[in-house]
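S.K.: the sequence and its predicted three-dimensional model are supplied below.
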Amino acid sequence: ANKWKERAEEKKYAEDLLKDAENGDKIAMYNLGARYSNGKQGLKKDSKEAYKWFKKANDAGCVNGTAMEGECLLEGYGVEKDKDTGLLYLGMAEGQGSDYAAYFIGRYFSREGQGLNKKMLARKMLEKVLSGNYTHKHLNAVGKEEAKALLDRLQSSD
């Protein structure tokens, strides 16, 4: 009985979230994209739907939506890969205070084969992430641990 009640509550939550998003709530748009991305809370995992809602959130002025649209474009998640536009959106979101965008920029530029200037940029972004001085904090604990590990790796390769 508890499983049935839980599923009914998740379905109601998803319906309410969709209604709010369709009525122009930019946070609901972002949350809907996140639920489609993770396949949680009453929604099946669907990268194309996730991207669609992250884009709508970005278009509506949601900083977290800007970061997530940038990640989707950079990685080709639910949309054709477009690294330049993805990095542009991530940079815009980081400039507006998104710790997640800074983490993703740092992660991207810390990859093997990047030149010294890009590794320095990666270090700068990851140091900023770990400082906690962002106004839009949507990077989870796992992301913060990954940021620390990447930064440690970059510093030990100097």
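M.R.: It's in. These numbers come from a predicted model, not from an experiment.

S.K.: helices along the chain, start to end?
M.R.: 2-22, 26-38, 47-59, 63-75, 83-95, 99-109, 116-131, 141-156 (DSSP state H).

S.K.: who does the longest one touch, helix- and strand-wise?
M.R.: The one in question is helix 2-22. On a contact count with 3 or more C-beta pairs under 8 Å, 6 or more residues apart in numbering; DSSP states H and E, helix 2-22 meets helix 26-38. The C-beta positions use only the backbone N, C-alpha and C, and glycine is treated the same way.

S.K.: pull the distance from the helix it packs on to the chain's centre.
M.R.: Helix 26-38 sits 10 Å away from the centroid of its parent chain (C-alpha atoms, centre = their mean, to the nearest Å).

S.K.: so that helix versus helix 63-75, what angle?
M.R.: 40 degrees (axes from the mean of the first three to the mean of the last three C-alpha atoms, to 10 degrees).

S.K.: and helix 26-38, which residues are buried?
M.R.: The neighbour-count check on helix 26-38 (16 or more other C-beta atoms under 10 Å) flags 26, 28-37 as buried.

S.K.: ok, the residues you listed vs residue 4, which is closest?
M.R.: Comparing the buried residues of helix 26-38 against residue 4 with C-beta to C-beta places residue 35 closest, at 20.1 Å.

S.K.: how far away from the center of its chain is stretch 139-158?
M.R.: 17 Å.

S.K.: let me fix that: stretch 90-98
M.R.: 11 Å.

S.K.: stretch 48-67 too?
M.R.: 10 Å.

S.K.: so for it, mean pLDDT?
M.R.: This predicted structure assigns stretch 48-67 an average pLDDT of 97.

S.K.: buried residues in it?
M.R.: For stretch 48-67, using 16+ other C-beta under 10 Å, the buried residues are 49-58, 60, 62-67.

S.K.: so what's the spatially most central residue of the chain closest to, chain neighbours aside?
M.R.: In the chain, the residue lying closest to the centroid (C-alpha atoms, centre = their mean) is residue 68, at 3.7 Å. Closest residue in space to residue 68, ignoring its immediate chain neighbours: residue 54 at 4.0 Å, by C-beta to C-beta, 6 or more residues apart in numbering.
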